[in-house]
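J.: I need the structure of the sequence given here:
(chains A and B)
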Number of protein chains: 2
Amino acid sequence: MAESPYAALHDRFRRIGAVRDAEAVLHWDLATMMPKGGAQARGEQLAVLKSLRHGMLVATETGERLQAATEDVTLDPWQQANVREMRRLWAHATALREPQVEALSRAATNCEAVWRQARADSDFPRVLPYFAKLLELVREAAQAKAERLGLSPYDALLDEYEPDGRAADIDTLFADLASFLPDFLPSVVERQAQAAKPAEPEGPFPIEAQQATALRLMRSLGFEFDRGRLDVSLHPFCGGTPDDVRITTRYDEDDFRSALMGVLHETGHALYERGLPADWRGQPVGEARGMVLHESQSLLIEMQVCRSKAFLEFAAPMLREAFGGSGPAWQADNLYRHYTHVEPGFIRVDADEVTYPAHVILRYELERAMIGGDLAPADLPGAWADGMRRLLGLAPPDDRRGCLQDIHWYDGAWGYFPTYTLGAIAAAQIFAAAIKAAPQILDEIARGDFTTLLGWLRVHLHGKGSLASSRDLLIEATGKPLETTAFRAHLYRRYFGE
Amino acid sequence: MAESPYAALHDRFRRIGAVRDAEAVLHWDLATMMPKGGAQARGEQLAVLKSLRHGMLVATETGERLQAATEDVTLDPWQQANVREMRRLWAHATALREPQVEALSRAATNCEAVWRQARADSDFPRVLPYFAKLLELVREAAQAKAERLGLSPYDALLDEYEPDGRAADIDTLFADLASFLPDFLPSVVERQAQAAKPAEPEGPFPIEAQQATALRLMRSLGFEFDRGRLDVSLHPFCGGTPDDVRITTRYDEDDFRSALMGVLHETGHALYERGLPADWRGQPVGEARGMVLHESQSLLIEMQVCRSKAFLEFAAPMLREAFGGSGPAWQADNLYRHYTHVEPGFIRVDADEVTYPAHVILRYELERAMIGGDLAPADLPGAWADGMRRLLGLAPPDDRRGCLQDIHWYDGAWGYFPTYTLGAIAAAQIFAAAIKAAPQILDEIARGDFTTLLGWLRVHLHGKGSLASSRDLLIEATGKPLETTAFRAHLYRRYFGE
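T.: A predicted model of the protein is given here:
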């Protein structure tokens, strides 16, 4: 019996998914376990797997079968959505010619390697030629994808990280933020300055105790340790596969707060991955919807849940026990003040939730200008400094703390940055909807019980995978497309209401 | 410019090698790090990578190019050897039809899963139908390979693990062993029984201390920790890739001896992998020659070097320090008596070097009979018990300690067992040649300096990869093909000479 085009595609994407999962494990190993001498062989392994996966995706049969499957009226809604997602992946992959893909990959690898040194030495001119070359190739790729997908070049790049994400929608949302944050920020800073400084918990904080606490809190939040691990890497991330989620953090003996909150952030990502529809493992429709929803899930756990007073009431006794702490510094209220401290700074990854959007808006403006050809690579440091002064009132003292701080562009990722702030906005909206649907969630958080919240997220988001667009998933879950109302309400409540 | 057939093959096998390396890392992760919930996804990843690798190997172009490259007179000796090894891999892979490969793989997976439970319950009848089915498929495969390679069916299976390994040669060597071991064994046992029992080092032996000592000894032996790791798994193994060698052990708080010697054994494998010719990474000619030489390298380190009095003189102070030990039990001489204790037992992996060959000879006789159709699967337990009585004077009390103890057959591996004892024989011959070439090696071992030994092995074996046959490599390194003279001399010296 001849296999249907859909069945053939299902099998092909199962194989593609398995190779991608293999790459995810190899990446995790590279960042956590691999001795440095293994780098070259690992680079080779990853490059070959990526190219095999790409080959399966762009093969002639894939396109022919997609055409046939699109017309197959016997498919159920999940299968139809699966075909739609396959088409999306296929369109992105076939938009570029093979030599273009290779040139981009090589340029990104070279630029990233030079950037590491340039950042350490705060030496932008050193990386500039590599950066300019990479940008040129990215602009060509954006143009090719734009023609293929019928989008603007920037939207074509954005679409890879956030399917159906459009700059026009981002502009509206970021304009909303710009309408209140510039006044909101100084008033928060002023209010916090008027109060006495929060007391400092005294260290050192042994790494074993930090890790044990992280594991306890992960377990409380619903992380399943027969389905995942916590390890250490230089840059925290969530990797692995939905049934074997690998999250990482890094520890500092002088400060437990950052590692701990990092773990809770990655746990949010992990719970999303873990909750993806089990029947669709390895298929495109079974994957996370996009980076906005992914970031919304980590920020919902970190910003909405774990930096709340209720959560810190639950966590404070655990922290006191782990570190042998006592006195005012270890009271939930004092910890809450630390975890909600607002202060403009140079570094995005260290930013609080009030100043974070300014970091993203700066990058969004600059990357659109670069893709549009309105900002030359050589002019980036100046434009960065201008933007920082305008948005946060700070001029970076050097490029290390300025335009060299993030890996994204130097690794070829343009169109990614906005998803952080869109994720923060979505987190507030989704959390508000969950609370509205099940108000007991707030009391449960204070008791360290996250069952209702996680159950709601599973039903309304995690379990849907890529069945619908982000927009439609969000409307189904919260009644509205993405808007800043809940985010704004959250900020006012947290910084002026409590 | 058109690529030469050789260049095209080189590139294809580079890609095949990268996929195989990726599988090796995924296997390591499975055994050391993976939470149990990840098993299904990992099985899928490994199956897909294996099938992609197989597809690249059996593709029509591979055969055509091999034909052309074989006739290319411009190739240098390494390239010629590379083509010869490519042909070997290709001949094995194309001897079986695709459905045959799949049926075998499925039958092995099923049989192995049932065997795990059958072994735990000592229930041979439970696994018998799966085992019989698997054997039937293995016999068919052996027949197909025999026709393709012009070998007997058993030799065709052996050839996969030990290229050019032939039962006729094994018969000669095993007959040599049979000519002295049956008298040698009881005389050793009697001699050891006449001495006072060695004193028992008192435990417990904390795992951290065992691990720290293992790492120190690995470092002394020349293991490079920027090129590999030591971890924990249920069954110790050496995996990973030559530039990132991953060895494992398992610890027992009541006995440090077994974990430690296991680590040293795997370190021998690791040093071989690490010393393979760096210019030929990922190419067939750059790989280890076969399981006999591989096992010879682990047994050279374990049996020839690390169970020697000289080595234990070096290691004893380290062990006393690690475990806070003192008194007679911790003297090198006493430790040496433990590490050379001889006693017939049921279990191969626990056997000493004097009784080990009997375990292997039994399996070799039985597997040849099974492949030849002279022993029916249902008759295995009886034949096993008969053989054990004849060879070691012991009847296993149950099948768990009899024919169910090893995974090999239940996982489809017939033709592997002889390589253990051939490796032990080769280890003695190679070590004797090294000592003859550089007698200072013995003094160096007592000082914990393995530089000369490792250097000699690198030059004469490790660095040759698969440039020549095992036989030719051995003749070059030791002046003779494999024979039992050195092994016999080693046993007499160790058990009667010192």
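J.: the helix or strand hosting residue A:322 packs against which elements?
T.: Per DSSP states H and E: residue A:322 is located in helix A:309-323. Secondary-structure packing of helix A:309-323 (3 or more Cβ pairs under 8 Å, 6 or more residues apart in numbering or on different chains; DSSP states H and E): helix A:207-221, helix A:332-339, helix A:440-446. C-betas here are computed from N, CA, C, even on glycine.
J.: tell me what angle the longest helix along chain A forms with helix B:5-32.
T.: Counting residues, the longest helix found in chain A (DSSP state H) is helix A:5-32. Angle, helix A:5-32 to helix B:5-32, by axes from the mean of the first three to the mean of the last three Cα atoms, to 10 degrees: 70 degrees.
J.: so what touches the very next helix or strand once past helix A:5-32?
T.: Following helix A:5-32 in sequence order, the next helix or strand is helix A:39-58 (DSSP H and E). With Cβ atoms under 8 Å, 6 or more residues apart in numbering or on different chains as the test, helix A:39-58 has contacts from A:12, A:15-16, A:19-20, A:22-23, A:26-27, A:29-30, A:34, A:62, A:89-90, A:93-94, A:101, A:105, B:14-15, B:18-19, B:21-22, B:25, B:49, B:52, B:241-244, B:281-282.
J.: just how off-centre is the helix holding residue A:322 within its chain?
T.: 27 Å (Cα atoms, centre = their mean, to the nearest Å).
J.: who in chain A is up against chain B?
T.: Selection of chain A residues close to chain B by Cβ under 8 Å from any Cβ of the partner chain yields A:14-15, A:18-19, A:21-22, A:25-26, A:29, A:33-38, A:40-42, A:44-45, A:47-49, A:51-52, A:224-229, A:240-244, A:281-282.
J.: so can I have JSON lines of the helices and strands packed on helix A:309-323 showing mean pLDDT and mean neighbour count?
T.: Output for the helices and strands packed on helix A:309-323, formatted as JSON lines (pLDDT from 0 to 100; neighbours: other Cβ atoms under 10 Å in any protein chain shown):
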{"stretch": "helix A:207-221", "mean pLDDT": "98", "mean neighbour count": "18"}
{"stretch": "helix A:332-339", "mean pLDDT": "96", "mean neighbour count": "19"}
{"stretch": "helix A:440-446", "mean pLDDT": "96", "mean neighbour count": "16"}
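J.: got the ones you listed as JSON lines, with distance to residue B:159 columns?
T.: Putting the helices and strands packed on helix A:309-323 into JSON lines (distance: least, Cβ to Cβ, whole Å) gives the following:
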{"stretch": "helix A:207-221", "distance to residue B:159": "49"}
{"stretch": "helix A:332-339", "distance to residue B:159": "65"}
{"stretch": "helix A:440-446", "distance to residue B:159": "64"}
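J.: of these, which approaches residue B:362 most closely?
T.: With Cβ to Cβ as the measure, helix A:207-221 is the member of these nearest residue B:362 (47.7 Å).
J.: make sure residue A:411 is actually in contact with residue A:112.
T.: Yes - counting by Cβ atoms under 8 Å, residue A:112 is a contact partner of residue A:411 at 4.7 Å.
J.: and the two? which has more neighbours close in?
T.: Comparing residue A:411 with residue A:112 by other Cβ atoms under 10 Å in any protein chain shown, the one with more neighbours is residue A:112, at 17 against 14.
J.: and that one, how far from chain B?
T.: From residue A:112 across to chain B, the span is 21 Å (Cβ to the nearest Cβ, to the nearest Å).
J.: contacts only, for that residue.
T.: So residue A:112 contacts A:407, A:410-411 (Cβ under 8 Å, 6+ apart).
J.: could you pull out the helices in the stretch 151-300 of chain A for me?
T.: Residue ranges of the helices in the stretch 151-300 of chain A, as given by DSSP state H, counting those that start in this stretch, are A:153-161, A:167-178, A:181-194, A:207-221, A:256-275, A:291-299.
J.: name the nearest residue to the residue of the stretch 301-450 of chain A found nearest chain B, sequence neighbours excluded.
T.: Closest residue of the stretch 301-450 of chain A to chain B, Cβ to the nearest Cβ: residue A:450 (19.7 Å). Leaving aside its sequence neighbours, residue A:450 sits nearest to residue A:221 (Cβ to Cβ, 6 or more residues apart in numbering or on different chains; 5.3 Å).
J.: that neighbour reaches residue A:266, doesn't it?
T.: No - at 10.9 Å, residue A:221 and residue A:266 do not qualify as touching, with contact defined as Cβ under 8 Å.
J.: to what extent is whatever residue of the stretch 101-250 of chain A ends up closest to chain B buried, counted in neighbours?
T.: At 3.0 Å from chain B, residue A:244 is the closest residue in the stretch 101-250 of chain A, using Cβ to the nearest Cβ. By the criterion of other Cβ under 10 Å, residue A:244 has 29 neighbours.
J.: these two touch, right, it and residue B:35?
T.: Yes - counting by Cβ under 8 Å, residue A:244 touches residue B:35, with 5.9 Å between them.
J.: any residues in contact with both of those two?
T.: Listed contacts common to residue A:244 and residue B:35 are A:227-228; contacts here mean Cβ under 8 Å, 6+ apart.
J.: of all residues in the stretch 1-150 of chain A, which one is closest to chain B?
T.: Nearest residue of the stretch 1-150 of chain A to chain B: residue A:38, at 3.0 Å (Cβ to the nearest Cβ).
J.: how about that residue, nearest residue that isn't a chain neighbour?
T.: Nearest to residue A:38 is residue B:244, by Cβ to Cβ, 6+ apart, at 3.0 Å.
J.: for the one you found, which residues are in contact?
T.: A:34-35, A:37-38, A:41-42, B:25, B:227-228.
J.: now the residues you listed as JSON lines including pLDDT?
T.: Shown next, in JSON lines, are the contacts of residue B:244 (pLDDT from 0 to 100):
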{"residue": "A:34", "pLDDT": "96"}
{"residue": "A:35", "pLDDT": "96"}
{"residue": "A:37", "pLDDT": "94"}
{"residue": "A:38", "pLDDT": "94"}
{"residue": "A:41", "pLDDT": "94"}
{"residue": "A:42", "pLDDT": "94"}
{"residue": "B:25", "pLDDT": "98"}
{"residue": "B:227", "pLDDT": "97"}
{"residue": "B:228", "pLDDT": "98"}
